[in-house]
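Trainee: Show me how the following folds:
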Amino acid sequence: MPVPRIDRAGRRAASIALLVSISAGLLAASPALDGLAGLSLDVLTALRWRVFGNSHPPEDSHAVVVAFDEETFRTPPFAGTPTVTWTREIGRVLTALIDNGATVVGFDVVFPTSIEQSELPFGDAAAHETIGSRLRGFDRDFLRALALGARADKVVLGEAQHQDKPLLPAPRQRAAVGFGRNIRALNLYNDADDIARRMPLSFVVDGASVPSFAVELANRARGAPLSPDIGRTGAVPGTITLNFAGGADDIPTFSFADLHACLDKDDTAFFHRHFAGKVVLIGTVLDVEDRKLTSKRFATAPEGARAARCALAAPAAGQTFARDAIAGVYVHATAVNNLLRRDPLIEPGRAVTGLVAFALAALAAAAALRFGPATAVGVFLGLAVLWTTTATVAFHAAVALPLFAPPAAALTALGLMIGWRLVVSDKSLAKEVARRRAHEAEMASAAAIQRAMLPATQPREIAAARFDLFPLMMPAREVGGDLYDIVKLDATRVLISIGDVCGKGIPAALFMAMTQSVMRMAVRLGQDLQAEVGAANNVLAADNAESMFTTLFCAVLDLSTGTLAWCNCGHPPALVLRRDADAFEPLARCGPPLGIMEGTTYESTGTITLAAGDALFLYTDGVTEAENPKAELFGTKRLEAALIGARGESARRVTEHVVERVTAFAAGAPQSDDITCVAIVAQ
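Mentor: Coordinates of the predicted model:
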């Protein structure tokens, strides 16, 4: 099939659409839209949770949380007492956790002071005795639990790096765990909008790289350091992008008050059932303290210690609404799960964002050019829905495709192209339509003139002499380059010709008209057909700057005798089919086409006689070179078969039968050349 042509206006519109799409893609991948990347993570976290739920049940969580929650602060013996006095109870619970199989216990809460450090006077000030000296040894059980756990590599304390003044555990706690060997930074990585979406993998302390708190817990749970490749999946080097689950039940949470009461009833089996093989994080889960905005902010639920209970009855639901912030301990617990499951989010990077944005922008721009504004907006909305679905499904597989930047690029391209089309393109289109209509009118006029130049009827002498003649022309365009002519020369002679000018359209039609006029004048000059054709050739070849030429078959038929003198100038041979024969007599070439070179002579071929029942068929190469969808040619053999099939029919029926066979063979393939034929049947 022919390749559609793109006009100048179409090429201009396509170029502008391409430029707009590339610009939109580059904008989407630029740092200017990094804020959309963070929002994309937040919305995709919520969409995935709403559509698919959570991928893992709570019991499969590697991390569990022991919470200093609102229940703990309301339950004796903790109610009304400062946390520095809880160390004995914390030590008991810590020992129970480690003794019953916890892989490692991390403190996501920092106790920077100890009651043993208090310098407040105790009793009579004259005695110079302080509360700290009076309670010396108060933290002994807690410190012993820390030391034993640290010796077994099962305790990690947290610290917070606050510029020049870090928040550190109390000095004796640091000493109990061996100082820096078992203390790790709790700091998070916040994006520019102050939302925690990533977890640092390490920090530089005294010039050395030290694993972060979550990485240290994961390393100890695995028994080996994590692969450095895990830090190459996110958009920020040296971090992982956190893959939060939705809701509040993905990480089992136990109230510290209930675990303390569980030890009072000596139910160590409860500890073994729920903490064996787990990474335990001890931290605060309070309504206002240590809460973080994360990429889970649109997928939260009311928090609480809703894991299995051991000794205390479950309290009435306190928090009945979902806050957008979560307790900081859940951020580290999520990081531990991501590291151990090896499923932190994969962010493809700016290149992928740019390519996807370019693709969507190109489709939106194409829709703006192809359809009206309303339909184009509908196409954009369909693209946005399709992309949202794709990004949500990919997020379910932990691949964080950019949700907003590509549709934003597409919307930008759509708006720009609709505006351009309304302001510029439609004006150009109106001019182009007007130009085309004018051109079509000119072509229609030229076609009408060309048809008027062709003989409308055959001379009456032909029918009177019992010859039947019928011509037929099917131009491939409005104006064709084929010709035929039937001219009465005198009382008994008729000139019959058929030709094919090189090229198509108006130039070919003009040369065709010239050829027809020259031949009519030249053949009237005398009786030697070859000489007359030579004279016509000289006229056409003179000053032929465009080097055009015409293949021509012409014959002079004597109506009184049926004698036919002919000359073939580079044209397909005419075919003679005798009444009682199946073989054809081809009337071969006598010389080259007309108009190529002056001084050409054409060989004499003698004459033939058409008897009653004989037929002569003239045609152009548009008949034999007609193609079907398989690019096969109709060819001479099929033409001869068609003529045999119409033997004995009228001249009109012969030409129509041939054209019908050609059309059926083409099977809808576009006509590439003019089809012209003339049938002469002797009666």
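
Trainee: Please identify the helix or strand for Leu143.
Mentor: Element membership of Leu143, judged by DSSP states H and E, is helix 140-151.

Trainee: got it, and Trp387?
Mentor: helix 373-396.

Trainee: residues of that helix that come out buried?
Mentor: The neighbour-count check on helix 373-396 (16 or more other CB atoms under 10 Å) flags Ala376, Val377, Val379, Phe380, Leu383, Ala384, Trp387, Thr388, Ala391, Thr392, Ala394, Phe395 as buried. Just so you know, the C-beta spots here come from the backbone N, C-alpha and C atoms, and that holds for glycine as well.

Trainee: What's the end-to-end length of stretch 47-59?
Mentor: 23 Å (CA to CA, to the nearest Å).

Trainee: what about that stretch, distance to the chain center?
Mentor: 28 Å (CA atoms, centre = their mean, to the nearest Å).

Trainee: Also stretch 90-108?
Mentor: How far stretch 90-108 lies from its chain's middle: 52 Å, per CA atoms, centre = their mean.

Trainee: quick one: average confidence on it?
Mentor: If you average the pLDDT over stretch 90-108, you get 97.

Trainee: Ends of that stretch, what's the gap?
Mentor: 13 Å.

Trainee: Run through the residues that contact Asn538.
Mentor: Glu598, Gly599 (CB atoms under 8 Å, 6 or more residues apart in numbering).

Trainee: Three-state assignment for it, please.
Mentor: helix (DSSP: H, G, I helix; E, B strand; the rest coil).

Trainee: So it versus Pro573, what's the distance?
Mentor: 24 Å (CB to CB, to the nearest Å).

Trainee: and what of Thr284?
Mentor: In terms of CB to CB, Thr284 sits 103 Å off from Pro573.

Trainee: The two: who's more crowded?
Mentor: Set Thr284 next to Pro573 and count neighbours by other CB atoms under 10 Å: Thr284 wins out with 21 against 16.

Trainee: How about the more buried one: what's its closest non-neighbour residue?
Mentor: For Thr284, ignoring the flanking residues on the chain, the nearest one in space by CB to CB, 6 or more residues apart in numbering is Phe68 at 4.8 Å.

Trainee: C-terminal to the host helix or strand of the one you found, what's the next element?
Mentor: Assigned by DSSP H and E, Phe68 falls within strand 63-69. On the C-terminal side of strand 63-69, the nearest following helix or strand under DSSP H and E is helix 70-74.

Trainee: same for that following helix, what does it pack against?
Mentor: helix 256-264 (3 or more CB pairs under 8 Å, 6 or more residues apart in numbering; DSSP states H and E).

Trainee: which residues sit against the helix it packs on?
Mentor: 66-69, 71-72, 75, 78, 89-90, 92-93, 96, 270-271, 282, 305, 309-312.

Trainee: can you tell me the distance between the two ends of stretch 516-534?
Mentor: Per CA to CA, stretch 516-534 runs 14 Å from first to last residue.

Trainee: cool, stretch 278-291 as well?
Mentor: OK, stretch 278-291 end separation, CA to CA: 24 Å.

Trainee: any idea how far that stretch is from the chain center?
Mentor: On CA atoms, centre = their mean, the centre of stretch 278-291 falls 44 Å from that of its chain.

Trainee: What is the least confident helix or strand in the chain?
Mentor: Lowest on mean pLDDT, DSSP states H and E among the helices and strands of the chain sits helix 426-453, with a mean of 68.

Trainee: a strand runs through Asp468, doesn't it?
Mentor: Yes: applying three-state DSSP, one finds Asp468 inside a strand.

Trainee: Spit out the contact partners of it.
Mentor: Applying CB under 8 Å, 6+ apart to Asp468 gives the contacts Ile462, Ser650, Ala651, Arg652, Ala679, Ile680, Val681, Ala682, Gln683.

Trainee: Quick one, grab the pLDDT at it.
Mentor: In this model, Asp468 carries a pLDDT of 91.

Trainee: now it, which residues is it bridged with?
Mentor: Asp468 has these beta-bridge partners by DSSP bridges: Val681.

Trainee: Please report the distance of it from Ala535.
Mentor: For Asp468 relative to Ala535 (CB to CB), the value is 31 Å.

Trainee: Leu340 now?
Mentor: 100 Å.

Trainee: Where does the prediction get shaky in the stretch 151-300 of the chain?
Mentor: 163 (pLDDT under 70).

Trainee: all helices of it, in order?
Mentor: Using DSSP state H, counting those that start in this stretch, the helices of the stretch 151-300 of the chain run over residues 171-176, 213-222, 256-264, 268-275.

Trainee: In JSON lines, list those helices along with distance to Ala351 and mean neighbour count.
Mentor: As requested, the helices of the stretch 151-300 of the chain are exported to JSON lines (distance: least, CB to CB, whole Å; neighbours: other CB atoms under 10 Å):
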{"stretch": "helix 171-176", "distance to Ala351": "46", "mean neighbour count": "18"}
{"stretch": "helix 213-222", "distance to Ala351": "28", "mean neighbour count": "23"}
{"stretch": "helix 256-264", "distance to Ala351": "48", "mean neighbour count": "22"}
{"stretch": "helix 268-275", "distance to Ala351": "45", "mean neighbour count": "18"}
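
Trainee: Let me know which of these is the nearest to Thr412.
Mentor: helix 213-222 (39.0 Å; CB to CB).

Trainee: tell me the angle of the closest one relative to strand 63-69?
Mentor: 130 degrees (axes from the mean of the first three to the mean of the last three CA atoms, to 10 degrees).

Trainee: So what touches helix 213-222?
Mentor: Residues outside helix 213-222 that contact it (CB under 8 Å, 6+ apart): 62-63, 103-104, 106, 108, 153-154, 156, 158, 184-186, 199, 201-202, 211, 225-226, 279, 281, 332, 335-336, 339-340.

Trainee: do stretch 589-605 as well
Mentor: 499, 502, 511, 515, 530, 533-534, 536-538, 540-542, 544, 548-552, 566-571, 573, 587-588.

Trainee: Report the buried members of these.
Mentor: By 16+ other CB under 10 Å, the contacts of stretch 589-605 give 499, 502, 511, 515, 530, 533-534, 536-538, 540-541, 544, 548-552, 566-571, 573, 587 as buried.

Trainee: Which ones among these lie within helices?
Mentor: Phe511, Thr515, Gln530, Val533, Gly534, Ala536, Asn537, Asn538, Leu540, Ala541 (DSSP state H).

Trainee: Check these and tell me the two furthest apart.
Mentor: Largest pairwise distance in those, by CB to CB, is 22.1 Å, between Phe511 and Gln530.

Trainee: among the helices of the stretch 151-300 of the chain, which is nearest Leu643?
Mentor: Evaluated over these, closeness to Leu643 peaks at helix 213-222, with 89.0 Å, by CB to CB.

Trainee: How far away from the center of its chain is the closest one?
Mentor: 40 Å.

Trainee: Stretch 353-372 now?
Mentor: On CA atoms, centre = their mean, the centre of stretch 353-372 falls 9 Å from the chain's centre.

Trainee: which of the residues in that stretch are buried?
Mentor: 353-354, 356-369.

Trainee: For that stretch, output the C-alpha coordinates as CSV.
Mentor: Taking Å, rounded to 0.1, in the frame of the first residue of the first chain, the C-alpha atoms of stretch 353-372 are listed here in CSV:
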residue,chain,number,x,y,z
THR,A,353,10.6,9.3,34.6
GLY,A,354,11.6,11.4,31.6
LEU,A,355,10.9,8.6,29.1
VAL,A,356,7.5,7.8,30.5
ALA,A,357,6.6,11.4,30.7
PHE,A,358,7.7,11.9,27.1
ALA,A,359,5.6,9.0,25.9
LEU,A,360,2.5,10.2,27.7
ALA,A,361,3.1,13.8,26.6
ALA,A,362,3.5,12.6,23.0
LEU,A,363,0.2,10.7,23.1
ALA,A,364,-1.6,13.7,24.7
ALA,A,365,-0.1,16.0,22.1
ALA,A,366,-1.2,13.7,19.3
ALA,A,367,-4.7,13.5,20.7
ALA,A,368,-4.8,17.3,20.8
LEU,A,369,-3.9,17.4,17.1
ARG,A,370,-6.1,14.6,16.0
PHE,A,371,-9.3,15.3,18.0
GLY,A,372,-11.3,18.2,19.3
